[in-house]
Each structure stands twice: as C-alpha cells, then as structure tokens.
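A.B. asks: Provided below are the primary sequence and the corresponding predicted coordinates.
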Amino acid sequence: MILLILGLIVFLGIHSLPAFAGPHDSMKAKLGENGFKMLFSVISAVGIVLIVYGYGQARFAGYMPIYTPPIWMSHLVLLLMVPVFVLLAAAYLPGHIKKRTKHPMILSVKIWAFAHLLANGEPQSLLLFLGFLAWGVFDRISLKRRDVAAGGPVAVDMSHAVRNDAIALIIGLGIYVLFVWKLHEIIIGVPVIS
C-alpha cells in the first residue's frame, strides 16, 4: 500500500502544482516551457507506474473490504461511466460539451472516481478513488479561481462545435463499449460484466 500512497502523492502532487502560481511559475521560468513539460511528464509517468504497481500489489495483499456494495450498484456504475470517455474526448475537441462543462477532463475524473467508489469497498480502492475525487474537486475550485483572476475562462473556438461534439460522442462511446467488452479486464484485470 506504501507504493500506492507514494504514487498518489507524486501524481496528484505534480498535477496540483498549477494551483500554486508562485512555485509553478518559478519552475517554468527556471526550466523553460519545454523543460517544465518534460519534467511534468516524467514525474507524472513515475506517479502512474507507482499507482498501478502499488494498487496491483494491494489488490493481492488480501485486505478486507471496508464495505461490500450491493450487486445492483454495478449497474449504476455502468450508467455513470457512460459520459466519462465522452468528456475525456471533449477536453481535446472544442465544442458545446467543452463550453458547457468548462473543464470536461476534470469532470470525467470526478465521475470516474465517484462511480468506482460505489463499486469498490477495499482500502486500496478507497484510497485510489477518494484521492482522485478529492484532487478533482480541489483542481476544479482552483481552476475557477484562476479563471476569475485571468478575467474569465479561455474562450472555446465554436467554429466546428457540432462536428467536434459528434466526434467526442463517437470516440467516447466507442471506448466505453470497448472497456465494458474487454479492455477493463485486459488493462485492470477485472471484467466489467462477468
């Protein structure tokens, strides 16, 4: 469980850095834009590896569940997960979805974490998903403050909004179907539908 905790600290810590303008801007000034992005990417990758490895170790350590969700909860989770990949795709495709949700990637992380909290009661799952949910809430509040300080959110280019929304829907729903069908089992080791 130590590696999972360390991974969460590393990954969520570096992703929280932009909320602190002083240290963030100082690092960017010292390293330059590309150097900062490179360091950010390396630290993020290390964090992800630690999270995945630590979570995998904890899953097989035999921790007793803190709670056992009812079977029907898995159906609710399937429903809650439908918009997650659409929002993730919309973060990179300016359109109505991005404009209305403002920060679709953070919203997708919060929905993903909340949905998985409903379906998993083991200590390592609670740590992982509560960590990401708390980060999502913190980062959304931070972004709102940064948007206000900057004079409002960055304008979204709406010239291809309908096309981009359609692409986000197709990509997002396609990835959702693949995850339900097999990808979740291949990547995570747990089938969605058994």
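C.D. replies: Done, it's in.

A.B. asks: going by C-alpha atoms from here, please, whenever you check contacts or count neighbours.
C.D. replies: OK.

A.B. asks: per-residue confidence at the residue sitting nearest the centre point of the chain?
C.D. replies: Central residue of the chain (C-alpha atoms, centre = their mean): residue 109, 3.3 Å from the mean position. On pLDDT, residue 109 comes in at 97.

A.B. asks: which residues sit in contact with it?
C.D. replies: For residue 109, the contact set (C-alpha atoms under 8 Å, 6 or more residues apart in numbering) comprises 84, 132, 133, 136.

A.B. asks: burial count for the third one?
C.D. replies: If you count neighbours by other C-alpha atoms under 10 Å, residue 133 ends up with 21.

A.B. asks: correct me, but it touches residue 115?
C.D. replies: No - counting by C-alpha atoms under 8 Å, residue 133 sits too far from residue 115 to count as a contact (10.1 Å).

A.B. asks: for the residue nearest to the centre of the chain, helix, strand, or coil?
C.D. replies: Using DSSP: H, G, I helix; E, B strand; the rest coil, the structure places residue 109 in helix.

A.B. asks: and it, how far is that from residue 140?
C.D. replies: 11 Å (C-alpha to C-alpha, to the nearest Å).

A.B. asks: wait, what's in contact with residue 119?
C.D. replies: Shown in contact with residue 119 (C-alpha under 8 Å, 6+ apart): 69, 73, 74, 77.

A.B. asks: need phi/psi at it.
C.D. replies: Per-residue torsions, residue 119: phi -100, psi -10 (degrees, to the nearest 10).

A.B. asks: do you know how far it is from residue 26?
C.D. replies: 41 Å.

A.B. asks: can you put the contacts of residue 109 in a markdown table and add distance to residue 22 and pLDDT?
C.D. replies: Rendered in a markdown table, the data for the contacts of residue 109 read as follows (distance: C-alpha to C-alpha, whole Å; pLDDT from 0 to 100):
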| residue | distance to residue 22 | pLDDT |
| --- | --- | --- |
| 84 | 32 | 97 |
| 132 | 24 | 97 |
| 133 | 25 | 98 |
| 136 | 21 | 96 |
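
A.B. asks: and of those, the nearest to residue 168?
C.D. replies: Each of these was scored against residue 168 by C-alpha to C-alpha, and residue 84 proved nearest at 10.8 Å.

A.B. asks: burial count for the residue nearest to the closest one when sequence neighbours are not counted?
C.D. replies: Leaving aside its sequence neighbours, residue 84 sits nearest to residue 108 (C-alpha to C-alpha, 6 or more residues apart in numbering; 4.6 Å). By other C-alpha under 10 Å, 23 other residues sit near residue 108.
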